[in-house]
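Enquirer: Predicted model and sequence follow; I will ask about them next.
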Amino acid sequence: MATIANNLLAEVDKKVLESFQSGAKAYVTKYQDVFEIKVPQRKDEQFSILALNNAVTQVNDGGAYAKSDITEVAQNGISMNLYKESVQLSDFSVAYDNYGSIEMAAMDKGRQFNFKIDSLGAAYIDNCTSTTAPYGFTIGGTATSLVSDTNVIGNTGVTYDNRITGALNKTSLNNAYTALKKMPGHDGNIAGYQAKRLLVPQDQELNAWQITRSTGEPESANNNFNFTNTMGLELIVWPLLTSTSACLLMADKGYNGSRGVVCTVKQMPKVKRIISQTTGCPEYQIDMMIAFGFVDWLGTVGINF
């Protein structure tokens with residue numbers, strides 16, 4: 001009988017894993033399109049913001065090399081969070097349920113875990129003008145945010161406005177595009193960021209599509225060509241964003257791109273089976289280790305925040 005029971009559980013295991021994965025795939029996440037994904041080496045991971053002086057020195061023939069010192073202007077941390085849930089089977093469920101409710105429960109839990117991950121990321125975008133923990137961060141000793149009228153540029157004592165007023169339209173998008181192209185790095189020089197992604201809430205999908213995809217100028221009846229159509233922007237629509245109008249124009253991910261929003265993932269949702277010592281019933285446990293945070297503001301411009 002033990003062999004039969006083990007065979008039944010093996011079949012249930014297979015169904016649970018397949019159903020969990022199916023449920024997870026049913027909810028299409030957006031966080032990975034916005035956040036740079038990192039595998040942390042520490043529970044409390046630290047990210048440094050470095051700056052060089054911006055000198056490129058002319059010297060005489062045979063002259064000595066001018067030295068550019070590397071300065072750490074900030075060190076911002078993201079602390080790992082642990083999430084756990086379990087689904088317990090009843091005494092008769094394996095024998096009589098034919099896996100129906102077990103599959104449904106596993107599918108729901110897979111969808112719920114993906115929704116949780118997405119909602120954690122969306123909360124950081126919703127609060128990207130906050131300077132307080134966990135949404136704010138520090139540069140050069142000054143509390144700042146992802147989107148601000150006075151974002152800090154290294155330790156230069158100069159600030160930069162990456163917050164564009166006005167609803168998303170041709171003018172505000174062009175202003176954001178200009179702000180991104182002129183945006184300095186932490187050395188004070190223009191960094192050369194290229195607009196690659198436009199993040200909008202669900203309410204702005206139609207408007208954003210018309211602005212960025214129309215061949216002709218979207219707000220005019222004349223035959224002018226649409227400049228914003230030449231930007232080649234990836235349009236990211238995130239239904240979980242609470243604002244109906246706030247948008248982000250972002251550079252691509254990477255060193256000379258949008259480095260501000262980071263998702264640290266040590267373990268994606270993982271399913272394992274145990275036998276409950278209390279009930280003797282099989283219990284499926286799901287856990288994940290993931291955290292979101294802001295590290296820097298460079299490569300991002302907010303519209304109508």
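Expert: Structure's in. What do you need?
Enquirer: need the contact list for residue 276.
Expert: Under the criterion of CB atoms under 8 Å, 6 or more residues apart in numbering, the contact list for residue 276 reads 88, 282, 283. C-betas here are computed from N, CA, C, even on glycine.
Enquirer: can you do 7 Å?
Expert: By CB atoms under 7 Å, 6 or more residues apart in numbering, residue 276 lies in contact with 88, 283.
Enquirer: So it versus residue 305, what's the distance?
Expert: Residue 276 sits at a distance of 48 Å from residue 305 (criterion: CB to CB, to the nearest Å).
Enquirer: Check the protein for its longest helix and report it.
Expert: In the chain, taking DSSP state H as the definition, the longest helix is helix 100-126.
Enquirer: Mind listing what's buried along it?
Expert: Within helix 100-126, the residues that count as buried by 16 or more other CB atoms under 10 Å are 102-103, 105-107, 109-114, 116-118, 120-126.
Enquirer: For the helix or strand hosting residue 47, enumerate the helices and strands it packs against.
Expert: In this structure, residue 47 sits in strand 44-52 according to DSSP states H and E. Using 3 or more CB pairs under 7 Å, 6 or more residues apart in numbering; DSSP states H and E, the elements in contact with strand 44-52 are strand 70-79.
Enquirer: Just the CA trace of the strand it packs on, in PDB.
Expert: The C-alpha coordinates for strand 70-79 follow below in PDB (Å, rounded to 0.1, in the frame of the first residue of the first chain):
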ATOM      1  CA  ILE A  70      37.100  57.800  -8.100                       C
ATOM      2  CA  THR A  71      34.600  59.100  -5.600                       C
ATOM      3  CA  GLU A  72      31.800  57.200  -4.000                       C
ATOM      4  CA  VAL A  73      29.000  59.700  -3.700                       C
ATOM      5  CA  ALA A  74      26.400  57.300  -2.400                       C
ATOM      6  CA  GLN A  75      25.900  53.700  -1.300                       C
ATOM      7  CA  ASN A  76      22.200  52.600  -1.400                       C
ATOM      8  CA  GLY A  77      21.000  49.300  -0.100                       C
ATOM      9  CA  ILE A  78      18.200  46.800  -0.900                       C
ATOM     10  CA  SER A  79      17.400  44.300   1.800                       C
END
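Enquirer: Sheet partners, orientation included, of it?
Expert: strand 44-52 (antiparallel) (DSSP bridges).
Enquirer: least trustworthy helix or strand in this structure by mean pLDDT?
Expert: When the helices and strands of the chain are compared on mean pLDDT, DSSP states H and E, helix 93-96 comes out lowest with a mean of 61.
Enquirer: Report pLDDT for the residue nearest to residue 113 when sequence neighbours are not counted.
Expert: By the measure of CB to CB, 6 or more residues apart in numbering, the closest residue to residue 113 outside its immediate chain neighbours is residue 269, 4.4 Å from it. Among the per-residue scores, residue 269 shows a pLDDT of 95.
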